[in-house]
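Colleague: okay, here's the prediction I keep looking at, along with the sequence it came from:
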Amino acid sequence: MKIYFTYGATNDKKKKEQNIIVRLSYGRDKLQVKTSTKISISREAWNFKKGEEAGIIDLLKGSRTPSESEYLQEVKDKLDRVRKHLKNEFRKLRLAPEFNLMDKQDWNKWAKEELDIALGIKKAKSKLAPFFIELYKDYEDFHKNLWATNTIADYSSARKKFEAYEKYKKHKYKTNELDLTYYKDFQNWCYNNQQLKPNTFGGYISKLKAVINHFKTINHKDVFHPHLEHKKFVAISEEVPHEILDEDELKTLWNYKGNEKLENVRDISKLLYYVCLRYNEFEYEFKTNKDKPLKIAKTQDKYYWAIYERKVRDSKGIPLDQELVKMYLANKMPRFISNQKFDKYIKELCLEVGLKEKAQYISAHTFRRSFCTNMYNEEHEEKDIIEYSGHTDVKALRNYIKVKNVTRKNSIANKDK
């Protein structure tokens with residue numbers, strides 16, 4: 001936005017004294033507002049320069065009485081404050097969801113109000129603290145066309161957890177109530193009531209802070225609790241051991257027979273491994289898209305499965321392992337359960353079959369990581385592994401393959417040890 005000051009409405013040099021006019025301009029057709037500052041100035045005190053350089057003359061040049069110099073300095077300072085205030089408020093306005101919906105009437109109203117505040121004619125209204133969940137939803141709406149599908153899902157999942165906590169507390173929190181007591185109580189609820197791990201809780205806090213930091217540039221700071229800036233209001237992030245299951249351990253796991261619940265988890269783990277699935281892709285195929293048949297087709301002597309990758313918004317065609325072909329043809333594909341339940345039950349299964357040392361570190365993502373690592377150790381080309389994993393490049397794939405899990409002798413990882 002451009003802010004211009006002029007000597008009267010038309011810069012008429014014939015008039016000895018005029019009120020300073022301010023003109024706000026943004027875009028060709030959007031904001032064009034002109035109004036008086038009601039600040040009087042003499043012709044001799046105006047520099048008559050073009051554009052945003054127009055203003056009070058250089059006070060270090062020329063001679064004038066002390067009272068004249070003092071008045072001109074006050075005017076100059078006031079114009080600087082007006083410019084700074086309008087620039088700052090416009091910067092905040094551009095981040096607001098309603099920015100692109102404003103018509104000329106809205107612009108005129110906004111400009112007049114902010115100019116009156118900048119000139120000290122009226123005080124800025126103190127804003128009421130908004131409800132946190134409502135602000136969170138606005139943040140999601142603002143970014144929904146910018147985020148990848150999995151990011152949208154992650155924020156939605158976190159919001160539902162915040163909503164569940166409010167339901168548990170029977171209280172709707174406002175942003176000025178998000179203090180260290182809220183942080184500690186929410187943390188205890190996540191750990192004790194929801195059996196969530198520190199990194200999951202940390203992910204929720206990270207999203208909370210992202211929402212707050214976005215709106216801090218728009219709303220007055222007094223609608224947010226100062227504890228949000230406290231060093232203890234932190235998004236916890238702990239280093240987690242990246243365990244994998246090797247071929248022998250996978251066979252031990254998959255030989256399990258017994259409890260129907262654990263057998264279902266066993267079969268889900270086969271899908272996650274052989275198709276190198278992310279759990280949200282498994283969810284899409286078996287829950288979101290459950291009314292549509294799986295896109296599995298036979299080509300010559302092989303079965304292929306077209307998997308939609310939500311993270312990259314693309315599909316990958318995976319040749320099915322014989323184990324999965326048998327499950328598919330016998331109509332014995334596993335039923336969907338939530339990621340949280342899978343992570344709980346897979347640990348039970350690991351304990352049941354004797355994989356006690358690794359059990360606490362095994363989750364849904366272990367099987368995708370295990371596939372990439374095992375294929376790498378069997379000396380498959382990285383570009384071939386990517387065909388299954390769907391990684392965008394080799395560098396992304398290598399983030400999955402940790403040095404401690406590499407047994408391949410001619411690997412880059414071993415050379416770097």
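Modeller: Nice, thanks for sending it over. All of these numbers come straight from a predicted model, not from anything done at the bench. Numbers count the residues shown, from 1 in each chain.

Colleague: look up how far residue 207 lies from residue 147.
Modeller: 12 Å (Cβ to Cβ, to the nearest Å). Yep, even glycine has a C-beta here, placed from its N, CA and C like the rest.

Colleague: between these two, which contacts overlap?
Modeller: Taking Cβ atoms under 8 Å, 6 or more residues apart in numbering as the contact rule, residue 147 and residue 207 both touch residue 155.

Colleague: which of those two has more neighbours?
Modeller: residue 207 (21 against 14; other Cβ atoms under 10 Å).

Colleague: next structured bit after the longest helix along the chain?
Modeller: The helix that spans the most residues within the chain, counting by DSSP state H, is helix 66-95. Scanning forward in sequence from helix 66-95 by DSSP states H and E, the next helix or strand is helix 104-118.

Colleague: any buried residues in that following helix, and which?
Modeller: Residues 107, 108, 110, 111, 114, 115, 117, 118 are the ones in helix 104-118 that count as buried (16 or more other Cβ atoms under 10 Å).

Colleague: what about the strands in the chain?
Modeller: 2-7, 17-26, 31-42, 296-299, 302-309, 314-319 (DSSP state E).

Colleague: which among the buried residues of helix 104-118 gets closest to residue 7?
Modeller: Distance ranking of the buried residues of helix 104-118 against residue 7, using Cβ to Cβ, places residue 115 first at 17.8 Å.

Colleague: report pLDDT for the residue nearest to residue 57 when sequence neighbours are not counted.
Modeller: In this structure, residue 57 finds its nearest non-sequential neighbour in residue 47, 4.8 Å apart by Cβ to Cβ, 6 or more residues apart in numbering. Looking at residue 47, its pLDDT reads 88.

Colleague: got the contact list for the closest residue in space to residue 85 that isn't next to it in sequence?
Modeller: Distance criterion Cβ to Cβ, 6+ apart; nearest residue to residue 85, sequence neighbours excluded, is residue 118 at 3.9 Å. When contacts are counted by Cβ under 8 Å, 6+ apart, residue 118 touches 81, 82, 85, 86.

Colleague: show me which of these is closest to residue 192.
Modeller: residue 85 (48.1 Å).

Colleague: against residue 116, how distant is the closest one?
Modeller: For residue 85, the distance to residue 116 - Cβ to Cβ - is 11 Å.

Colleague: and if you look at residue 149?
Modeller: 45 Å.

Colleague: cool, and residue 137?
Modeller: The span separating residue 137 from residue 116 equals 32 Å under the rule Cβ to Cβ.

Colleague: again, but for residue 35
Modeller: Distance, residue 35 to residue 116, using Cβ to Cβ: 9 Å.

Colleague: same question for residue 179.
Modeller: 34 Å.

Colleague: surely residue 1 meets residue 86?
Modeller: Yes - using Cβ atoms under 8 Å, residue 1 is in contact with residue 86, at 7.3 Å.

Colleague: sorry, back to before: what's the closest of the strands of the chain to residue 383?
Modeller: Using Cβ to Cβ, the nearest of the strands of the chain to residue 383 is strand 314-319, at 13.6 Å.

Colleague: what residues of the closest one count as buried?
Modeller: For strand 314-319, a neighbour-count test (16+ other Cβ under 10 Å) marks 316, 318 as buried.

Colleague: run me through the strand neighbours of that strand, direction for each.
Modeller: Sheet pairing of strand 314-319 (DSSP bridges) gives strand 302-309 (antiparallel).

Colleague: residues contacting the partner strand, please?
Modeller: With Cβ under 8 Å, 6+ apart, strand 302-309 has contacts from 275, 277-278, 281, 284-285, 289, 294-298, 314-320, 324-325, 328, 390.

Colleague: may I see the buried residues of it?
Modeller: Within strand 302-309, the residues that count as buried by 16+ other Cβ under 10 Å are 303, 305, 307, 308, 309.

Colleague: now the fourth one: how far from residue 277?
Modeller: It stands for residue 308. 11 Å.

Colleague: can you check the third one too?
Modeller: Spatial separation of residue 307 from residue 277 under the definition Cβ to Cβ is 7 Å.

Colleague: what's the domain layout of this protein?
Modeller: Using automatic domain parsing, the domain parsing of the chain gives 2-118, 132-229, 247-415.

Colleague: with distance to residue 239 added, can I get these in a markdown table?
Modeller: Formatted as a markdown table, the domains of the chain follow (distance: least, Cβ to Cβ, whole Å):
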| stretch | distance to residue 239 |
| --- | --- |
| domain 2-118 | 35 |
| domain 132-229 | 9 |
| domain 247-415 | 12 |
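
Colleague: which among the ones you listed is found nearest to residue 235?
Modeller: Going by Cβ to Cβ, the one of the domains of the chain nearest residue 235 is domain 132-229, 3.9 Å.

Colleague: report the separation between the two terminal residues of the closest one.
Modeller: 16 Å (Cα to Cα, to the nearest Å).

Colleague: repeat for stretch 281-300
Modeller: One end of stretch 281-300 to the other measures 26 Å (Cα to Cα).

Colleague: what does that stretch rub up against?
Modeller: For stretch 281-300, the surrounding residues in contact (Cβ under 8 Å, 6+ apart) are 268, 271-272, 303-310, 320, 328, 333-336, 339, 364.

Colleague: for the longest helix of the chain, buried residues please.
Modeller: Using 16+ other Cβ under 10 Å as the test for burial, helix 66-95 gives 71, 72, 75, 78, 79, 82, 83, 85, 86, 89, 90, 93.

Colleague: name the residues contacting each of residue 1 and residue 86.
Modeller: With Cβ under 8 Å, 6+ apart as the test, residue 1 and residue 86 both reach residue 24.
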